[in-house]
Each structure stands twice: as structure tokens, then as C-alpha cells.
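K.L.:
Show me the folded form of this:
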Amino acid sequence: MPPSSEAPESPPAVMFLNAADPSGAAGLSADQAVCAAVGCHALPVTTSIWVCDTAEVFDIVEVDADAVVEQARAVLQDVELAAWKVGFLGNVEVVSAVAELLADYAQLPLVTYVGNLQALEESQVEEYIKAMQELVLPQTRVLCGNLTALSQFLFPEVERETPPTPDVLMQQAQTMGVQYLLVSGVLVPENHVENVLLSPRRQLLRERFEMFDAGFSGAGDTLSAAVASLLGTGAKLDQAVHEALEFLDQSLDFAYRPGMGNLVPDRFFWAQTGPEGEGDSISPVGLQ
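P.N.:
Here you go, the predicted structure:
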């Protein structure tokens, strides 16, 4: 059958600036899978390379800042961008270079994800956080992370017995230029966790899910990639976050263990067949 003379309309393109994860659990691996699952086209830009397995990151191979920007600009001259996400940028030089790139496309929604920085040396963590706070957060529409990671990122010099509340985190994030904050993993009674979306004035969304008794790799990247991709489709923020949370919950429910480490979210859970091979697939969140 000959190809159609008219090409189909391209899906929204979302750029991800993140670390390459050879385990396939997190980083760009997660970003690309989530982006495809919700019907967008991923533009992955490698900012560093993790030497890791499904349990932990052992080392970080840095990528030259100029090489990071060259990857991005080459694609941006060719493909129209709908949204983007910043994950782990590797070092201060890359943070600075990426911030300049972001400033040229200030009209696009930017989702910034704060994950675990334990693979960095202590002196690097302090410099990295400061650079992110000064250069990337002022351009961020939605800052995402779990309660613990955001507490360490927004209050790096404060030691607390208990983490600050989401409202306190939002107040701090606002001083750094963040428009909205999505806090995940807030422990609540009866073995549940809450996820809270906030603006500087109020809580916009608060959803509760049953807590999984397991360790996962790539859960945070899954959630933040889903938010960025759904914003890229034109969804309003509260709807994008709601659908992203549902997507994450089901991805974790269908998680699998490819190695001896943590579980990996199944971002294509919706392609699974129904019970007893009936062939009925589960509809992906956002595409119903």
C-alpha cells in the first residue's frame, strides 16, 4: 500500500534535558517512555551519563556544556517545541548553559524535577543547588519533587527533625521565581500518601493514593515527564497534574523488576491485555 500523499499531523514535541540512564529505569529512559505513552514526541537531550543499575547511581560521566546546548539547538531549529522538562543537569556549567537556552523560549511551559543528588560530592551539591535556584527556578512554571528532595533542595542549609509543609515549600519556591509547586510523597495516616499542587496563594489540587510497600526507580521522572508532556498537549495545569498522578499510580501498580534492584514503573501499563487473555487493553490516562 503506497504511503499517503498527506503526512499525518505530528504529535506535540517535548524536550527533555536529563541524564542518560542505561538501566532504563529513570532519567531520559523514563522521560521518553512516558512522553510516548501519553501521545507526544520526545526530544531527549543528554546532560550527563549515569553509571548505575536499578538500585543506585555509582558515578556520573559529565557531558560538556557546549555539547548539551548544541544537541538542543540543532533540534530546536528543526522541530517546533510544545513544552520541556529539566531533570538532572550534571554540573554548574551545564546548568548555566541550559538556563541561557531556556531564556530564548520563555513562552513555553517548563517543568523542573528535583531528584536525588546523592551521587554528587557534598561540595558539588551545594554549588549545583545554588545554580539551579538562581538560574533555572526563575524560569520554572512547575517545580516537582517528593517532600524530602524538595525540602533539601529549597532549604539546603537547614536541618530539621521533620520536613516543612508543602505550603512552606511553596513560599520558599516563590521567592526563587517558581510559579507552581507539585509536592509528592506526603505521608498521611492509614498507609496513604498525598500529592499536592500549589500556587503562591492556595492549594490547587490534593490527591491521596495508597502507599506501595516497595522501592521504585524512576517514579519522580515518570510523574514530572507526564506533567510536562500533558502540558505540551495543551492541557490546563490542574488537569495535567491530575492525569499525571493517575498515570504514575497505575505505572507503579504494574511495576516490574528487571534486575536485582528496585522496581521500575511500567509506563505502558495501558497496553497490557485484560485478564485471561481477553485482549482488552487499559486506556492510557489522558487519551481516553
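
K.L.:
What residues sit buried inside the lengthiest strand in the chain?
P.N.:
Ordering each strand of the chain by length in residues (DSSP state E) puts strand 41-52 first. Neighbour counts over strand 41-52 (16 or more other C-beta atoms under 10 Å) mark His41, Ala42, Leu43, Pro44, Val45, Thr46, Thr47, Ser48, Ile49, Trp50, Cys52 as buried. Glycine gets a C-beta too; all of them are placed from N, C-alpha and C.

K.L.:
Equivalent analysis for stretch 50-65, please.
P.N.:
Quick answer for stretch 50-65 (16+ other C-beta under 10 Å): Trp50, Cys52, Asp53, Thr54, Val57, Ile60, Val63, Ala65.

K.L.:
Which pair in those has the greatest spatial separation?
P.N.:
Using C-beta to C-beta, the pair of the buried residues of stretch 50-65 lying farthest apart is Thr54 and Ala65, separated by 28.8 Å.

K.L.:
Disregarding flanking residues, what is the spatial nearest neighbour of Asp59?
P.N.:
Of all residues not flanking Asp59 in the chain, Val51 sits nearest, at 4.0 Å (C-beta to C-beta, 6 or more residues apart in numbering).

K.L.:
Thought Glu62 was touching the one you found, still the case?
P.N.:
No: using C-beta atoms under 8 Å, Val51 makes no contact with Glu62, being 11.6 Å away.

K.L.:
residue contacts, the closest residue to Ala219 other than its chain neighbours?
P.N.:
Once flanking residues are discounted, Ala219 sits nearest to Pro265: 6.0 Å by C-beta to C-beta, 6+ apart. Pro265 makes contact with Ala30, Phe216, Gly218, Ala219, Thr222, Leu248, Ser251, Leu252, Phe254, Ala255, according to C-beta atoms under 8 Å, 6 or more residues apart in numbering.

K.L.:
Ok, Val186 next?
P.N.:
When contacts are counted by C-beta under 8 Å, 6+ apart, Val186 touches Leu147, Pro166, Val193, Glu194, Asn195, Val196.

K.L.:
contacting residues around whichever helix in the chain runs longest?
P.N.:
When every helix of the chain is counted residue by residue (DSSP state H), the longest turns out to be helix 237-253. With contacts defined as C-beta under 8 Å, 6+ apart, helix 237-253 is touched by 34, 37-38, 141-142, 180, 182, 195, 197, 204-205, 207, 209, 212, 216, 219, 222-223, 226-227, 230-231, 235, 263, 265-267, 269-270, 282, 284-286.

K.L.:
From the chain's centroid, how far away is it?
P.N.:
12 Å (C-alpha atoms, centre = their mean, to the nearest Å).

K.L.:
ok, which stretches of the stretch 101-250 of the chain are helices?
P.N.:
Here the stretch 101-250 of the chain has its helices, by DSSP state H, counting those that start in this stretch, at 122-131, 147-154, 166-175, 219-232, 237-253.

K.L.:
now the second one against helix 122-131, angle please.
P.N.:
Here helix 147-154 points in a direction 80 degrees away from that of helix 122-131 (axes from the mean of the first three to the mean of the last three C-alpha atoms, to 10 degrees).

K.L.:
Same check on the longest one?
P.N.:
In terms of direction (the same axes, to 10 degrees), helix 237-253 departs from helix 122-131 by 150 degrees.

K.L.:
I'd like to check the angle between helix 237-253 and helix 219-232, please.
P.N.:
Using the same axes, to 10 degrees: helix 237-253 against helix 219-232 is 140 degrees.

K.L.:
in helix 237-253, what counts as buried?
P.N.:
237, 240-252.

K.L.:
model confidence over the longest helix of the chain, on average?
P.N.:
What helix 237-253 shows for mean pLDDT is 97.

K.L.:
was I right about Thr148 contacting Pro163?
P.N.:
Yes: Thr148 sits in contact with Pro163 when judged by C-beta under 8 Å, with a separation of 6.2 Å.

K.L.:
When those two are compared, which one has more neighbours?
P.N.:
Pro163 (20 against 11; other C-beta atoms under 10 Å).

K.L.:
My reading is that Glu15 is in a helix; is that accurate?
P.N.:
If you look again at residue 15, you'll see it is Met, not Glu. No: Met15 is assigned strand when assessed by DSSP: H, G, I helix; E, B strand; the rest coil, not a helix.
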